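Student: Could you look at this predicted model? Sequence included:
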Number of protein chains: 2
Amino acid sequence: MSALAQEKDMKKGRPRSDASKRAILDATRRLLSHTTVQKLSIEAIAKKAGVGKTTIYRWWPSKASVAMDAIFTQPGFQNVLPSAPTAAEGIYNQLDKVVAQLNGKNGRIVAQIISEIQDDYEAVENFHKSFMQERCFELAKLVDQGMKSGEFRDDIDIETTVDTLMGPIIFRLMSGLVMTEDYAEKVITAILPGIKA
Amino acid sequence: MSALAQEKDMKKGRPRSDASKRAILDATRRLLSHTTVQKLSIEAIAKKAGVGKTTIYRWWPSKASVAMDAIFTQPGFQNVLPSAPTAAEGIYNQLDKVVAQLNGKNGRIVAQIISEIQDDYEAVENFHKSFMQERCFELAKLVDQGMKSGEFRDDIDIETTVDTLMGPIIFRLMSGLVMTEDYAEKVITAILPGIKA
DNA sequence: CCGTTTTAAAACGGCGCGTATTGTTAATAA
DNA sequence: TTATTAACAATACGCGCCGTTTTAAAACGG
């Protein structure tokens, strides 16, 4: 085994084609701008991307997985946040980012993804790990921090508080209701007075 | 036209078979206890109910509609509530009822129904009219009542407040997270301090 | 009896599923 | 160079369910 092979953890045989991978995700994004996840088909992706169906089935277990990969790797879906002086401001930053990610076309697609995976327990878990969990955990961390610093009351339930912050957004997302850009502010205005010390 | 025909709005031709209707909804309920809405098929319902496919297609536009009909006509899904002395107690009653309706097997099915209809605008509207709207409106009415009576602050946004009450429930429903029987109480404990006068 | 409508049953073409097969290509190992 | 290994595109397959159409019987009112 060569030094290069050791360094890059290379294996025998033809390596995975990065061009095909990009072609598949690109084709999926283009198709999703004109149809829904439900109406999407593996065959259509393969045809548009100029790849074999087997290549898709080899690397993704379902069309929902392909869609998740296509959407979540887009710029704007990384969850990097500016540090905030207060817990309240940190919560606002996080919530506003989620609203920005979900209030437009991408939001419709994410709603369709959540829908598509409902009868697949593993897929639901995968979705939560790759999108929901880190955002909820970040909120929980901020609530906890606010409690310890005295900014918030010390008798609130962290998990339920996170639910009251994230819940309304997902509720409106799944209900097909409009979600304006300032929706995060509205939710925080409703929630904050109840948790402030 | 006879008097009876006029009274009961009878029409010419063979009347709709109530037996077939019941057979279809019964078969759907039985099938849904072993599979998901997504895996349900019109053909399977027709076979199990002993009816023709055409009979189903004549009266329902989709399998999601059949499922909604089958679930929402069950006992326990009527939204009748005891009158409450305070707005807060009224809100608790309403929210607790929703949790009771959605925290078990039926909740999973409702989540699947919401999922199934995501790419059908009319179906989404129909779902909201037949389930979500009346429950949200009831909550909005109670919040408004509490504001006017001085029980709640007068500067809160009704719509957003309803979102913070219903949102967490739908959020957990669609996330596949556990929702205990006392979840309504948890949400109210989190929300109430922020809206009380 | 006649016109109308619903019904169950059966058959239809079509689509996308997930798998299998084939021959080619791009890498490593000897 | 040669052998080995694995990914690749292309193609074909059987299958299940779709939504529609056709047929003949059944259930009503006039």
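Tutor: Yep, it's here.

Student: ok, so what distance separates residue A:142 from residue A:179?
Tutor: 21 Å (CB to CB, to the nearest Å). (Each C-beta comes from the backbone N, C-alpha and C, glycine too.)

Student: now do residue A:68
Tutor: 20 Å.

Student: Also residue A:160?
Tutor: Taking CB to CB, one finds residue A:160 at 22 Å from residue A:179.

Student: related to what we said a few turns ago, and residue A:142 and residue A:179? Which one has more around it.
Tutor: Neighbour totals were compared for residue A:142 and residue A:179, and residue A:142 leads with 27 against 21 (other CB atoms under 10 Å in any protein chain shown).

Student: before we move on, which element is the closest residue in space to that one that isn't next to it in sequence in?
Tutor: Take residue A:142 and drop its neighbours on the chain: the residue closest to it by CB to CB, 6 or more residues apart in numbering or on different chains is residue A:90, 4.4 Å away. If you go by DSSP states H and E, residue A:90 is part of helix A:87-102.

Student: so how far is that helix from its chain's centroid?
Tutor: 14 Å (CA atoms, centre = their mean, to the nearest Å).

Student: Could you identify the helix or strand that succeeds that helix?
Tutor: Following helix A:87-102 in sequence, per DSSP H and E, is helix A:105-116.

Student: could you say what helices and strands that next one packs with?
Tutor: helix A:63-72, helix A:87-102, helix A:121-127, helix A:158-175, helix B:105-116 (3 or more CB pairs under 8 Å, 6 or more residues apart in numbering or on different chains; DSSP states H and E).

Student: Make a markdown table from the ones you listed and add mean neighbour count to it.
Tutor: Shown next, in a markdown table, are the helices and strands packed on helix A:105-116 (neighbours: other CB atoms under 10 Å in any protein chain shown):
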| stretch | mean neighbour count |
| --- | --- |
| helix A:63-72 | 21 |
| helix A:87-102 | 21 |
| helix A:121-127 | 16 |
| helix A:158-175 | 24 |
| helix B:105-116 | 21 |
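
Student: out of those helices, nearest to DNA strand D?
Tutor: helix B:105-116 (11.0 Å; CB to the nearest atom of the strand).

Student: what residues does the closest one touch?
Tutor: Contact with helix B:105-116 is made by A:114-116, A:118-119, A:174, B:32-33, B:36-38, B:62-64, B:67-68, B:71, B:74, B:77, B:101-102, B:123, B:127, B:131, B:173-174, B:176, B:179, as judged by CB atoms under 8 Å, 6 or more residues apart in numbering or on different chains.

Student: ok and the residue in chain A nearest chain B?
Tutor: residue A:194 (2.5 Å; CB to the nearest CB).

Student: Within range of chain B, give me the residues from chain A.
Tutor: Chain A comes close to chain B at residues A:36-39, A:111-112, A:114-116, A:118-119, A:121, A:124, A:128, A:132, A:156-157, A:160-161, A:163-164, A:166-172, A:174-176, A:186-187, A:189-195, as judged by CB under 8 Å from any CB of the partner chain.

Student: and if we set it to 7 Å?
Tutor: Listed as neighbours of chain B in chain A under the rule CB under 7 Å from any CB of the partner chain: A:36, A:38-39, A:111-112, A:114-115, A:118-119, A:124, A:128, A:132, A:156-157, A:160-161, A:163-164, A:166-168, A:170-172, A:174-176, A:186-187, A:190-191, A:193-194.
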